[in-house]
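Engineer: generate a structure from the sequence data that follows.
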Amino acid sequence: MSKRKLLIFFPNNKVSGEYIELFPFNSLKGDFVFIRINGRKDQIFTDEIQLKLSLLTIKIHSLFHKSEMLRRRYSSVFYLARVRGYYPSKLDSEHIKLDFLNFKKAILLEKILVVIFGNLFGIYLLKKFLDLLFRFEATRNMKELSNIDTIVLPYTGGISAEWDYLTWFGNYKIIRTIGIQENWDNLSSKQFLYMKPDYFLTWGKQSSSHLRSIQNYRGIIKEVGCLRVQDFFRIRNLSSNSSNKKYSELDFSKKIILFIGMGDETSDLRLLKLISNHLESKSDPGLSNFEIIYRVHPHELMSPLRERNLSLIKSLNYIETFEPSLSETNNERINQLVKSDLVVSIFSTVILESSILNKSCIIPAFDLVTENYDSANLIDDINHFSGMSLLKGIRVAKTFKGFTNMLFEENKGNFMINDYDILKWFCADVDTKDEILNLILEKI
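Structural biologist: Take a look at the predicted model:
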């Protein structure tokens, strides 16, 4: 009996590296051969398909997503923030403003087109046109794709004509398609799902709700946790009955503060400079026990502005810079969090991961400039963070003075344990590899 063919579409090299490390290829190789589109070369894959869509398809597809986001901008706080960033309007003065999000303003032609098509009729026309374009694309790659048995589609929430086309092709040729949620926030803050795969694997109940209520998905949803996050639960469960101090209690002889880059180095520089200046102005010898590590956001591209900001951050006193490589393993990333005593981040997935490990977390909301709105409320108002305020270890700093008190001056207090049921509502504590494996093998 010949093996079936499983195709994986990788939206970028970062995702492909994570799948090479964490996806259950070894358990599936007895039944499947693996083919990739994009991503890193590896002996796991027997073949690669070069999927090249026409420029017209890519442009119309992008216009559709941007128009749909404008039409449905009030679906979540982040969707509205994106629309306000890309297509600012002086007449728009209501609702929560997230001015700390720096989105590149669209050119005038794009703004005009998005406004024209950002309504029910415009979206209907673009869908019909895209369907015709996808049918045309299918005539060019029918032979390569029609003998595939299963298409796995990691979903990052970014605009990808290839992702939607492959989902459409799977529906068209009755090939099983499986979407897998990659990031915590991408079902409530990135793009709207256009083509719907047969199955969608989410992190947990919260994301499943976003998939149903925001993305209008009506297919089969399975809550399988996350390949990157399941080891955080493993460490938490191992340490619950362990006397190992690095897991069960904080060691304040040397307090390691991990500062997570938010992807905007200009904002990071502003806050890190305040911290550096604060430490320079103090003569307290106790502050020498603190080690501050700035973890740079793992961008794949380096711009002149980003390079300049990173250079300035590296010159700050008391701040140690850590730049993760593209080859960094999940275990290496987890170990950095395990060794940290306190995590500083602005509404990042790392806050969830740190909370699983019962780490103290601080969200510096005072740096988030908004209009007529208390930015400390973002912990409840940002969709993917809603519910995190119930956890014991997360504090929101509304002023810089309050922030420094939380960082340097407060006593350690008692070791806290975050509520397990709340954590697994965000991300299920299951064997994610086994869950994915069972689903893929289910229909053979």
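Engineer: how about the strands in the stretch 301-444 of the chain?
Structural biologist: Under the criterion DSSP state E, counting those that start in this stretch, strands of the stretch 301-444 of the chain are mapped to 319-322, 342-344, 360-364, 394-397.
Engineer: and the last one, how far out from the chain middle?
Structural biologist: Distance of strand 394-397 from its chain centroid, counting by Cα atoms, centre = their mean, to the nearest Å, is 21 Å.
Engineer: give me the sheet partners of that strand and which way each runs.
Structural biologist: The strands beside strand 394-397 in its sheet (DSSP bridges) come out as strand 360-364 (parallel).
Engineer: the most centrally placed residue in the chain and residue 8, how far apart?
Structural biologist: What sits nearest the mean C-alpha location of the chain, by Cα atoms, centre = their mean, is residue 183, with 3.1 Å. Computed as Cβ to Cβ, to the nearest Å, the residue 183 to residue 8 distance reads 17 Å. Just so you know, the C-beta spots here come from the backbone N, C-alpha and C atoms, and that holds for glycine as well.
Engineer: stretch 162-181: end-to-end distance?
Structural biologist: Between the opening and closing residues of stretch 162-181 lies a distance of 16 Å (Cα to Cα, to the nearest Å).
Engineer: what does the pLDDT read for the spatially closest residue to residue 87 that is not a sequence neighbour?
Structural biologist: Closest residue to residue 87 apart from its sequence neighbours, by Cβ to Cβ, 6 or more residues apart in numbering: residue 111 at 5.1 Å. If you check residue 111, the pLDDT there is 93.
Engineer: my guess is residue 111 contacts residue 85, does it?
Structural biologist: No. Applying Cβ atoms under 8 Å, one finds residue 111 not in contact with residue 85, separated by 12.0 Å.
Engineer: what's the first helix or strand after the helix or strand of the chain with the lowest mean pLDDT?
Structural biologist: Least confident element among the helices and strands of the chain, by mean pLDDT, DSSP states H and E: helix 245-248 (a mean of 44). Following helix 245-248 in sequence order, the next helix or strand is strand 255-260 (DSSP states H and E).
Engineer: list of residues touching the next helix or strand after that following strand?
Structural biologist: On the C-terminal side of strand 255-260, the nearest following helix or strand under DSSP H and E is helix 265-281. Helix 265-281 is contacted by residues 100, 102, 259, 261-262, 287, 290, 292, 294, 296-297, 305-306, 309-310, 312-313, 316-319, 364, 367, 400, 404, 407 when judged by Cβ atoms under 8 Å, 6 or more residues apart in numbering.
Engineer: among those residues, which ones are buried?
Structural biologist: 100, 259, 261-262, 290, 292, 294, 296, 306, 309-310, 313, 316, 318-319, 364, 367, 404, 407 (16 or more other Cβ atoms under 10 Å).
Engineer: and the residue nearest to residue 87, what element?
Structural biologist: Assigned by DSSP H and E, residue 111 falls in helix 108-117.
Engineer: okay, strands next: where are they in the stretch 151-300 of the chain?
Structural biologist: Using DSSP E, counting those that start in this stretch, strands in the stretch 151-300 of the chain cover 176-181, 199-202, 220-223, 255-260, 290-295.
Engineer: can you list the low-confidence ranges for the stretch 51-200 of the chain?
Structural biologist: For the stretch 51-200 of the chain, applying pLDDT under 70 flags the ranges 91-102.
Engineer: and for the residue nearest to residue 87, the neighbour number?
Structural biologist: 17 (other Cβ atoms under 10 Å).
Engineer: roughly how far apart are it and residue 203?
Structural biologist: 34 Å.
Engineer: now the lengthiest helix in the chain against helix 108-117, angle please.
Structural biologist: For the chain, the longest helix by residue count, based on DSSP state H, is helix 120-145. Using axes from the mean of the first three to the mean of the last three Cα atoms, to 10 degrees, one finds that helix 120-145 and helix 108-117 are set 110 degrees apart in direction.
Engineer: before we move on, the earlier item: tabulate the strands of the stretch 151-300 of the chain (JSON lines), appending distance to residue 16.
Structural biologist: Shown next, in JSON lines, are the strands of the stretch 151-300 of the chain (distance: least, Cβ to Cβ, whole Å):
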{"stretch": "strand 176-181", "distance to residue 16": "13"}
{"stretch": "strand 199-202", "distance to residue 16": "17"}
{"stretch": "strand 220-223", "distance to residue 16": "22"}
{"stretch": "strand 255-260", "distance to residue 16": "23"}
{"stretch": "strand 290-295", "distance to residue 16": "22"}
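Engineer: compare these and give me the one nearest residue 375.
Structural biologist: strand 255-260 (17.7 Å; Cβ to Cβ).
Engineer: partners of the closest one, with directions?
Structural biologist: strand 290-295 (parallel), strand 342-344 (parallel).
Engineer: possible to save those strands as JSON lines with mean pLDDT and distance to residue 134?
Structural biologist: Listed next are the strands paired with strand 255-260 as JSON lines, based on pLDDT from 0 to 100; distance: least, Cβ to Cβ, whole Å:
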{"stretch": "strand 290-295", "mean pLDDT": "92", "distance to residue 134": "40"}
{"stretch": "strand 342-344", "mean pLDDT": "93", "distance to residue 134": "43"}
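Engineer: quick one: end-to-end length of stretch 408-422, please.
Structural biologist: Using Cα to Cα, the two ends of stretch 408-422 sit 28 Å apart.
Engineer: now the longest helix of the chain: buried residues?
Structural biologist: Quick answer for helix 120-145 (16+ other Cβ under 10 Å): 122, 123, 126, 129, 130, 133, 134, 137, 138, 141, 145.
Engineer: help me confirm that the last one comes into contact with residue 172.
Structural biologist: No. If you go by Cβ under 8 Å, residue 145 and residue 172 don't touch, sitting 9.8 Å apart.
Engineer: quick check: neighbours shared by these two?
Structural biologist: residue 138.
Engineer: for residue 401, see how far away residue 270 is.
Structural biologist: For residue 270 relative to residue 401 (Cβ to Cβ), the value is 16 Å.
Engineer: do the same with residue 316
Structural biologist: With Cβ to Cβ as the criterion, residue 316 and residue 401 are 20 Å apart.
Engineer: now swap in residue 147 and tell me
Structural biologist: If you go by Cβ to Cβ, the gap between residue 147 and residue 401 works out to 64 Å.
Engineer: ok, residue 17 - contacts?
Structural biologist: 40, 326, 327 are the contacts of residue 17 under Cβ under 8 Å, 6+ apart.
Engineer: ok so, going back, as a markdown table, the strands of the stretch 301-444 of the chain with distance to residue 157 would be great.
Structural biologist: Listed next are those as a markdown table, based on distance: least, Cβ to Cβ, whole Å:
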| stretch | distance to residue 157 |
| --- | --- |
| strand 319-322 | 26 |
| strand 342-344 | 23 |
| strand 360-364 | 22 |
| strand 394-397 | 24 |
